[in-house]
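**Q** 3D, please:
(chains A and B, ligands or ions: 2)
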Amino acid sequence: MLTVDALSKTYADGTQALSGIGLSVAPGEIVALIGGSGCGKTTLLRLIAGLDRASDGTVTVDGETVREPHPRIGVVFQEPRLLPWLSVADNVGFGLAGLARSEYRARVGRALERVGLAEHGGRWPRELSGGQQQRVAIARAFVPQPRVLLLDEPFSALDAFTRRGLHAQLLDLWAESKPTILIVTHDVGEAVTLADRVVVMRPRPGRLDETVAIRLPRPRDPVSARYEEAVRRVMAALDRSLHPPVARRDPAAEVRAGWW
Amino acid sequence: MPSLRQGGQAGLALALALALPLALAAGWEMAVDTGAASGRLLPPPSRIGATLWELAASGDLLVHVEATLIRVGLGFLFGAAAGILMGTAVAMLPLVRRICDPSLQALRAVPSLAWVPLFILWFGILETPKILLIAVGVFFPVYVGVSGAIASVDRKLVEVGRIYRLSRGAMARRILLPAILPATLVGLRTGLGLGFLFVVAAELMGASEGLGYLLVDGQQLGKPDQILAAIIAFALAGKLADTLFVVLTRPLTRWQDTVRESL
Ligand SMILES: Nc1ncnc2c1ncn2[C@@H]1O[C@H](COP(=O)(O)OP(=O)(O)O)[C@@H](O)[C@H]1O
Ligand SMILES: [Mg+2]
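**A** Residues are numbered from 1 along each chain as shown, chains lettered A, B, ... in the order given. Ligands and ions are numbered 1, 2, ... in the order given. Below you'll find the predicted structure:
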């Protein structure tokens, strides 16, 4: 269980990136965070990962407060961030500590197979394509069997074909150990393909807006009517978030407030 | 067969590169042979070769090469160690950086040969000032390489280490060290080259053995063939040391994209 409570972040330069975020994600649930750029999605993930300190509020995983990177939380960044001096296999096994050589090899090999890179374990990261590198990063995050996995726009640099293949592989890996997944995306289709719940974020300061539940069985068929209906519901929520009805401009009030 | 063609091209390149010096050498040889030139100040290749051979056969050459290599080796060792230590300290500790870096950068601007008189005054003309001078030459490229490499380690990779909760030691060993290795090796290689540059100056300030001594001795005795033999020995020793360095360190940076193979 991942719980975020009244989480706020103001950067040293005064930028108020997040304000009063509250979110609970059930074990094994996949939640997609969606929102325009600059609305604090990366900041939120970094706070949950323990890479940055919150100004206020708490993050807990299974009741434990997270202040530093936590052994049960895995992260996939927007870039693969592979270590160029390690082979593909050793990158996948980077987070494994204190295992016998044979056990290490078995687990790395299994993860490489899952992401379709079984024959590439001995190569250098630079010899792989962008999509392959990101698959290595995903395998690396899964191998230590995290209970919570955070992914920050992991596929945004990839083409649509590659992305679709990776969605399937991500869901395969997830199905094995069912970690809680929080994934940031710009792509409504990606959110609907992967998530049980889509949470819309709003900027300045970043806060959570509407939540759209996606109750579709997996694997999801992107050309089914129910899928398209779910996409429409997420789109509508995004629209409402972009044009909030309450915040209609009142020129007279702006003049009164000294806006000019 | 691309490798065959590449091999052929490399051979052609080598032949073209050697054509000019070989032609000049042959021409000069002939000019002296036919009496068109005396060859007193610039001896023909055959006489230089003979001098080299004599020096080698008598065992003198080995003594001089050994003396020079020991000086370069010791100077390199001390200079590189100091450069790595200071480079690391300056990159890791902001206070040390603010105190030491400006002074070191200022010292770096001094042409290192300007130290020679001072070193002789302080340490005499025995081994100490020689090795110190070489160490000074080696120090700066290593210092600049290491401190720059540490300062520019990709923070994003350090974060990967943080995600997996590496201890300070593990972070240094598994992330920082491999990340700074390429730039450090470039600094060390440059330092080694400078070491060979500086050993000449060091041995010119007075020595009883070493390739630099052969130079001075050749000048005083009016033996240009000995000077040229020493120059050739310097070139060979320097190139050999550089090649050895590259060959020995290449496995460490095999993961890199660059075409360092071309030396
Ligand atoms: N290290 C930082 N220092 C100051 N401001 C930052 C920093 N990181 C992000 N911000 C600001 O915080 C806001 C949210 O950024 P971010 O979390 O990266 O958004 P997103 O990932 O949704 O695009 C932006 O206005 C951004 O400029
Ligand atoms: Mg972002």
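
**Q** got a list of what the residue in the stretch 151-260 of chain A positioned nearest to ligand 1 touches?
**A** Nearest residue of the stretch 151-260 of chain A to ligand 1 (C-beta to the nearest ligand atom) works out as residue A:206 at 6.0 Å. Placement of C-beta: from N, CA and C, glycine included. Residue A:206 makes contact with A:17, A:18, A:19, A:21, A:35, A:39, A:40, A:41, A:43, A:44 under the criterion C-beta atoms under 8 Å, 6 or more residues apart in numbering or on different chains.

**Q** Over to residue A:10?
**A** Applying C-beta under 8 Å, 6+ apart, the residues near residue A:10 are A:16, A:17, A:55.

**Q** isn't the last one right next to residue A:12, touching?
**A** No: distance between residue A:55 and residue A:12: 10.2 Å, which falls outside the contact criterion (C-beta atoms under 8 Å).

**Q** who's more crowded, these two?
**A** When neighbours are counted by other C-beta atoms under 10 Å in any protein chain shown, residue A:55 comes out ahead of the other of residue A:55 and residue A:12, with 15 against 5.

**Q** Now do the contacts for the more buried one.
**A** A:8, A:9, A:10.

**Q** Count the residues that sit near residue 172.
**A** In the absence of a named chain, this looks at chain A. Neighbour tally, residue A:172, other C-beta under 10 Å: 13.

**Q** right idea, wrong chain: chain B
**A** Around residue B:172 there are 15 residues (other C-beta under 10 Å).

**Q** ok, now residue B:90?
**A** With other C-beta under 10 Å as criterion, residue B:90 counts 21.

**Q** Can you list the residue ranges for helices in the stretch 101-250 of chain B?
**A** Using DSSP state H, counting those that start in this stretch, the helices of the stretch 101-250 of chain B run over B:116-123, B:127-151, B:155-163, B:168-171, B:177-204, B:211-220, B:224-249.

**Q** could those go into TSV alongside mean neighbour count and distance to residue B:255?
**A** Output for the helices of the stretch 101-250 of chain B, formatted as TSV (neighbours: other C-beta atoms under 10 Å in any protein chain shown; distance: least, C-beta to C-beta, whole Å):
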stretch	mean neighbour count	distance to residue B:255
helix B:116-123	13	41
helix B:127-151	23	16
helix B:155-163	17	13
helix B:168-171	11	19
helix B:177-204	21	8
helix B:211-220	19	37
helix B:224-249	17	13
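
**Q** Nearest to residue B:78, out of these?
**A** helix B:127-151 (4.2 Å; C-beta to C-beta).

**Q** Now do that closest one against helix B:177-204, angle only.
**A** 160 degrees (axes from the mean of the first three to the mean of the last three C-alpha atoms, to 10 degrees).

**Q** Check which helices and strands helix B:127-151 sits against.
**A** helix B:60-92, helix B:94-108, helix B:116-123, helix B:177-204 (3 or more C-beta pairs under 8 Å, 6 or more residues apart in numbering or on different chains; DSSP states H and E).

**Q** can you put the contacts of residue A:10 in JSON lines and add secondary structure, pLDDT and distance to ligand 1?
**A** Converted to JSON lines, the contacts of residue A:10 look like this (DSSP: H, G, I helix; E, B strand; the rest coil; pLDDT from 0 to 100; distance: C-beta to the nearest ligand atom, whole Å):
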{"residue": "A:16", "secondary structure": "strand", "pLDDT": "86", "distance to ligand 1": "8"}
{"residue": "A:17", "secondary structure": "strand", "pLDDT": "82", "distance to ligand 1": "4"}
{"residue": "A:55", "secondary structure": "coil", "pLDDT": "88", "distance to ligand 1": "12"}
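
**Q** Where does the prediction get shaky in chain B?
**A** B:1-7, B:257-263 (pLDDT under 70).

**Q** how far does stretch B:47-65 stretch from start to finish?
**A** Terminal residues of stretch B:47-65 lie 20 Å apart, using C-alpha to C-alpha, to the nearest Å.

**Q** to the chain's geometric centre, what's the distance from stretch A:79-90?
**A** Distance, stretch centre to chain centre, for stretch A:79-90: 20 Å (C-alpha atoms, centre = their mean, to the nearest Å).

**Q** typo on my end, stretch A:169-177
**A** Averaging C-alpha positions (C-alpha atoms, centre = their mean) puts stretch A:169-177 15 Å from its chain's average.

**Q** Stretch A:207-220 now?
**A** Distance of stretch A:207-220 from the chain centroid (C-alpha atoms, centre = their mean) equals 14 Å.
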